[in-house]
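1. show me how the following folds:
(2 chains)
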Amino acid sequence: MISSPDLVAFTKETDFSEIVKDPSVLPEELSVPLYPYTGDTTPWSKTSGANFTKDFILLSEFSEQVGPQPLLTVPPETKACGTFDLNHFSLRIMSVDYQTSLTGPAGCGSLKLNFVEDSKVVLGDSREGAFAYVHHLTLYDLEARGFVRPLCLAYVSSDENKIIQQFQQLSAEFSKVSECLKTGNRKNFANELEIKLRDLEHTRVVLLREIEREVNNDKGSCPTPLANKGDELASVEKSIQEYKSLLKQVTCYRTRKLRDSEYSPYEPDDLPHSFEFDLDDLRHGQLAGPVLECDVFPCTDTPSHSLKPINSISSCRFDKRLKTLEELCDDYFHQQALQQLNSIERTFRGDACHLYSQQLCRNLLRNLKSTNFLFEDPCDLEEEVGLQIGITGQHSVRQPSFLPAPSILSEPVSLESYVSCVEMVPIKLELGGSSQSPAVPTLDCQENVEMCVSALMKTSISSGDSIEVLGTEKSFRSQGSNILMDTALQRPPPLSTTAVLEGLRQGRVTTIRTCSEDSIEVLCTTESILPEDLRASYPCAIDEESPEQETDEKDISHNQEDKQVECIYGVGNKVPGDHGGACMEEPQDFYPAVTLTPPDCPMTLTLGRSSAQDACHASELIPLSLLDEPCRIIPDDLSDCFSYWSTTASTTSECTFPTCLPKNKREGGTRRRRGRVGRAALQFLRQFPFAVHAVFSLLCGRTLVVLGSEEAAVRRLVTALSVYMPHLSRYRDGIQPWTSTPLQLTDLLNWKLIGFNRMCCFTYTNMPHCLGHYSRYLSILDVDQKTLRCPVYSGTLLNPLVEPRSHFKRGNTYFMFAQSVQSKLVTTAFLLTFSHGFHTPRRPRESAWTQCFHSEIHRDDKKILNYLSELIKLHFMEVPPNLLRFSYTTNSIFKL
Amino acid sequence: MLRWILGGREAQGTVEKSAALFIGEEQPKNCFTEMQVLKGHFDIVRFLVQVDDLRFASAGDDGLVLIWNVETGDSLIELRGHTQQITAMISYTFIRGGNAHTALITASSDRTLSLWDPDSGNRVQNISDLQSPVKCLLVLVRLDVWLSGGNELCVWNRDFELQCKTVHHSDAVIFKLNLSGSDIVVMAMRHLADHQDTIHSLIHINDGLFASGSHIGELIIWDSVDWTIQAYEHILWEEPARDGQSEFKLNHQKQIERSIQHMSSDGEYIVAAVGSGLYVYNVLMKSVVAYRRIAHDSNVLHTVLQQDGRLMSCSEDGSVRMWELQDLPLPAEPASSGFFGMFGTFGRSSKQTGPPAKKIPEVPGLRSLELIGDLIGHSGAVQMFLSFKEKGLVTCSTDHLLIIWKDGEFQSQLRSLAVFQKLEENQEL
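-> All right, here's what the predicted structure looks like:
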């Protein structure tokens, strides 16, 4: 029934979908692949026997006390699952033995953590009619058996094909969630270890003192308790060593992983969104978001935790309550993960066909770089790399090119010096006010940073070494660190700040810089062992065990000879010596260098090397995935980028464009919004027989003012007309749905569709003065009097847009129809823009098309095409559309 | 009219009348179909000076001088330094090291004079604590000196050293000639006191002639050699009161401003901005060529006579108008007021219908001045404009904005060329 862990390396895209290739047709990136599962059954022919209504996400745990149990579902259980037996299904999906090696609990000499890669399998239960993409992951828990808590995330659907078809996307998305959870977990785990270590140290000191006292008090009188104490001390010291080793393994995890080219550290990819979230929280008086805590230097005087001696006899584990997920994972990351799960659920909601065609559409649109900004929904153009179809391979997860999490690659600081740090530098840094230890007085960011810096200075004094931190963090956000150091007023991006501090922290702590030779084991790649009911599974598990310990030791010894302790962040070419052939990916990134020089020098943070080109590249590549607002990344001015975001974020309340909605809302609401817009457009067409002239105004770049006294009516019309409006550029919408301030000249440049309040300036005439003044640049649709003043359209291109007004019933259909008509216009405009003969008329041989354009196309249609062509040109030249083109034409009045 | 256009109730019956008036929206001879709005000033922009083929400087009451690129509309450099409004600005080209350098001289109400390098934005020279603010500047290229005029007239050399100055001279018409030699001395040569009122404008026509215009509409053409009056015109904008004319026109007439605010010349013709009207005078023939009593709704502030018999004017009413000198069809058929009115922006046409040419039969060579297009964009008075030929026309205004008006067709072609150039560079062709 349930498959054994069938691990098939998912390497070639042909395994996934077979694309019909015919060299004579369109280039591959523009061709539409056939629906890959066209058997004799249509996607609709199958009825599922599943007893749940829609797809859901299940998070289960293999509890060491009760076995597999479901933890949560997205959407909540009552909504999604119906009568489906979650317990049973959890049992099934968790009973896969995916972990290839697990060391036993503390039995052997040194504790060792297994950083087990997640496994991704497709499991099916044909009797239940449930199929699932299952993503296994492990979190660490000091109190759990083997320190691991096996969990699994499952996307459960009744449609097997959907799971298989979306495998890559699901895998990419769930990897993100998993990485998020694991990052948060590592953080908490490290904290936990810290606390434990300090307790052990305390115990050791206490024991030592006792032994000393006993030795002093009664010499030789009572050897037995002394021997007991001695044993105890030995065991405590042993566990200290063990926990240190564990801590080291945890904290250097990133370092090791980053050398893996395929590893993508967790990063919030909807940064502006989460930033808004932060702002919201700010408004509520608390700084939330990334809870920045350098708990690694725990305060000895923190009242939240008092040192307690550790009883060397380990308590029985099984009567303990196990930690919940919230406790396992850092709060911020936990919330992020939940958000992501919700977003995944929304993204993959619905029919497989719909999903597939949507992805196809996005994929194709992405290739039409020069024209796709004109009419397409901005959210369709988002570079959802995780959702790409079959182009990239298994690891289509975006390489962090813009905001990566930090990577640590450090010269080892000796553990001794670390311990001294722990003891001597009590610092608790919290940038986000909502800390887990409420008793710490809230300081503002600046102070905290200063405190941090000074503490670090102290550290360097105390350790007697001059510490030079040469940050070579992989594509590190420079401004994040700048903000951190210079102006704590601006809030840095959540993770990057964490990154910095984590970086600092880990730079102090981590001790290895090894070249992990990860072993990748593909256990089994045959289909023969698949059970009958599981036709396909695309699991992939990579297990790795790195011989880091040995190299560790070496490094330590190597480095203890060195008086100057260097901590080098990230992977880069500054790593000296033994780095060898380890991955040197993306050497062109930002290298913020933190230099800690001996005590009297202030700490400097400089941008070691930056590559504007790279930044430029990044912004070209991911223009919208990172930016949910329609704002523009200025390629050569990345350092301003963030402040720019902050301004846009603060002004979002003013704009009401659909593009400004947070990503999640948009994705879910796109369909509904389109339907609404399409309906409004249909209504507009039916209401105004002269609608075509208004549409013409919009399409030839003439600003259309919807004048009315009733806001709702005006807004409705603006919505309707927005169907026809070409976007000025990718980042600007050009719609002002409702305004009461008199129009300025610059408004005409920015806005092409304006809802205008007639009541704004009372005049004895019907028309506000500003509209009269600029009347030659404006078309005016008067809602109250049902009149339209604009140039007459007598061409033919637009007729299909307005003619079939009686045939469409559904707004969605009309919206799509309108888009198809517009795409034809765009095609012609594209041809007009890029046909060489057209623009060099002196050439003897004029193309036939050019002649056709001159002779056959109507004057008004030429205007439309020329306008679109100008927009394409400006877009191509990357010039912001800051000019107003107009023509001196007669206006006519149309009246109902 | 506006009321009608927006569908006023009374609109129904007047369809045919409107058809004629709407011609004003169609301007086939107006090639400016693209505009770019330049923001940067915080107060009235009064002066525009061309620096070179690509660049121009703007200055105004905010004391800022901005250098712009006319092709892209980018603000290149901000010249900060003056604390008060700028009262005069002029470009100053000199040869240094074999290369021609163009610098800017500005004068401000804070009683300073500054020389700027428009390439670097540096304030090269600065003179402060003048006794009085400088009102106007003049560069004499031949002598490589420049003059500043305020309450006193000073002559300066290239290095901002004062060569000489006159003591306070009266407001009456004084003409001075500076004699060159090793020392430059300014002395009054002759007082020309033929004007009845304050002189507002004074221009150089050609080597032999210059012209001056006064507040009450006197236009005098002078001989520059012997300072004799060559011609005297007193523009009254007068109309013989006819029975047919309605009374409001008579009332209106009293308010007519006759001050000559600005004149420009191409050596043969003079255009004088007289009140809200335009007056074209042929200096060779010593005769009026054409005039329009009401060319704008408000005072005309700046005029330019172009090569092809066209002229432009800008006014306090916020518009720039382009005119063409056209031969009148027949003397017997005076230019119909309706015809002129059509070109006016609707809404003003009723006021403009006054027939401009009662003198038509009397003056044989009279031509008509026809509106061929107007540029509407500024919401305040257009202070000045500067033409870059095919690259466009820059206007500055009291609404703190500058607008570059461009030929849309031409710009579109340029953009296409740029696109193909980029394609070629990227080897995508």
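2. all helices for the stretch 101-250 of chain B, in order.
-> With DSSP state H, counting those that start in this stretch, the ranges of helices along the stretch 101-250 of chain B come out as B:247-254.
3. give me the low-pLDDT residue ranges for it?
-> Judged by pLDDT under 70, the stretch 101-250 of chain B has its weakly predicted residues at B:167-190, B:237-250.
4. mind listing the strands for it?
-> Taking DSSP state E, counting those that start in this stretch to define them, one finds strands in the stretch 101-250 of chain B at B:113-116, B:123-127, B:136-140, B:145-149, B:153-157, B:162-165, B:174-179, B:185-191, B:199-206, B:209-214, B:218-223, B:229-234.
5. and what of the stretch 651-800 of chain A?
-> Using DSSP E, counting those that start in this stretch, the strands of the stretch 651-800 of chain A run over A:703-708, A:735-739, A:753-757, A:778-782, A:787-790.
6. and of those, who's closest to chain B?
-> Taking C-beta to the nearest C-beta, strand A:787-790 is the member of the strands of the stretch 651-800 of chain A nearest to chain B, at 3.5 Å. Quick note: C-beta positions are derived from backbone N, CA and C, even for glycine.
7. longest helix in the chain, by residue count?
-> By default, I'm working from chain A. helix A:167-217 (DSSP state H).
8. sorry, I should have been clearer: chain B.
-> helix B:408-425.
9. break chain A into its domains for me.
-> Chain A is divided into the following domains under the TED database: A:56-97+A:113-216+A:227-259+A:310-350, A:669-836+A:853-895.
10. residue contacts, the most centrally placed residue in chain B?
-> In chain B, the centroid-proximal residue (C-alpha atoms, centre = their mean) is residue B:302; its distance is 2.3 Å. By C-beta atoms under 8 Å, 6 or more residues apart in numbering or on different chains, the contact list for residue B:302 reads B:262, B:273, B:313, B:314, B:382, B:383, B:384, B:385.
11. and residue B:314, how far from residue A:775?
-> Note on residue B:314: its distance to residue A:775, by C-beta to C-beta, to the nearest Å, is 20 Å.
12. give me the neighbour count for residue B:42.
-> 12 (other C-beta atoms under 10 Å in any protein chain shown).
13. and if you look at the one 10 residues further on?
-> Each residue near residue B:52 was counted by other C-beta under 10 Å, and the total is 12.
14. how about residue B:232?
-> Residue B:232 is flanked by 13 other residues according to other C-beta under 10 Å.
15. wait, it touches residue B:218, no?
-> Yes - applying C-beta atoms under 8 Å as the test, residue B:232 and residue B:218 come out as touching, 7.0 Å apart.
16. which residues of the stretch 301-429 of chain B lie near chain A?
-> Residues of the stretch 301-429 of chain B found near chain A (C-beta under 8 Å from any C-beta of the partner chain) are B:318, B:347, B:373, B:376-379, B:401, B:403, B:406, B:408, B:411-413, B:415-420, B:422-423, B:429.
17. quick one: low-confidence ranges for the stretch 1-150 of chain A?
-> Short version for the stretch 1-150 of chain A, where the test is pLDDT under 70: A:1-51, A:77-82, A:96-116.
18. one more pass at 50, please.
-> A:1-22, A:38, A:100-109 (pLDDT under 50).
19. I'd guess residue A:869 is in a helix, am I close?
-> Yes - assigned with DSSP: H, G, I helix; E, B strand; the rest coil, residue A:869 falls within a helix.
20. OK, contacts around it?
-> Taking C-beta under 8 Å, 6+ apart, one finds A:829, A:830, A:832, A:833 in contact with residue A:869.
21. now, which of those residues lie close to chain B?
-> When contact is defined as C-beta under 8 Å from any C-beta, the contacts of residue A:869 meet chain B at residue A:833.
22. output the set of residues of the stretch 751-896 of chain A in proximity to chain B.
-> A:765-767, A:772-776, A:780, A:782, A:785, A:787, A:789, A:833-834, A:836, A:838-839, A:866, A:870, A:873-874, A:876-877, A:882-891, A:893, A:895.
23. which of these count as buried?
-> The neighbour-count criterion (16 or more other C-beta atoms under 10 Å in any protein chain shown) marks A:766-767, A:772-776, A:780, A:782, A:785, A:787, A:789, A:833-834, A:838-839, A:866, A:870, A:873-874, A:876, A:882-889, A:891, A:893 among those as buried.
24. from these, which ones fall inside helices?
-> Counting by DSSP H, these place A:772, A:773, A:833, A:834, A:838, A:839, A:866, A:870, A:873, A:874, A:876 in helices.
25. tell me which of the residues you listed has the lowest pLDDT.
-> Least confident entry in those, by pLDDT: residue A:839, with 54.
26. and the closest residue to residue A:204 other than its chain neighbours, its phi and psi?
-> Nearest residue to residue A:204, sequence neighbours excluded (C-beta to C-beta, 6 or more residues apart in numbering or on different chains): residue A:236, at 5.0 Å. Residue A:236 adopts backbone torsions of phi -60, psi -40, taken as degrees, to the nearest 10.
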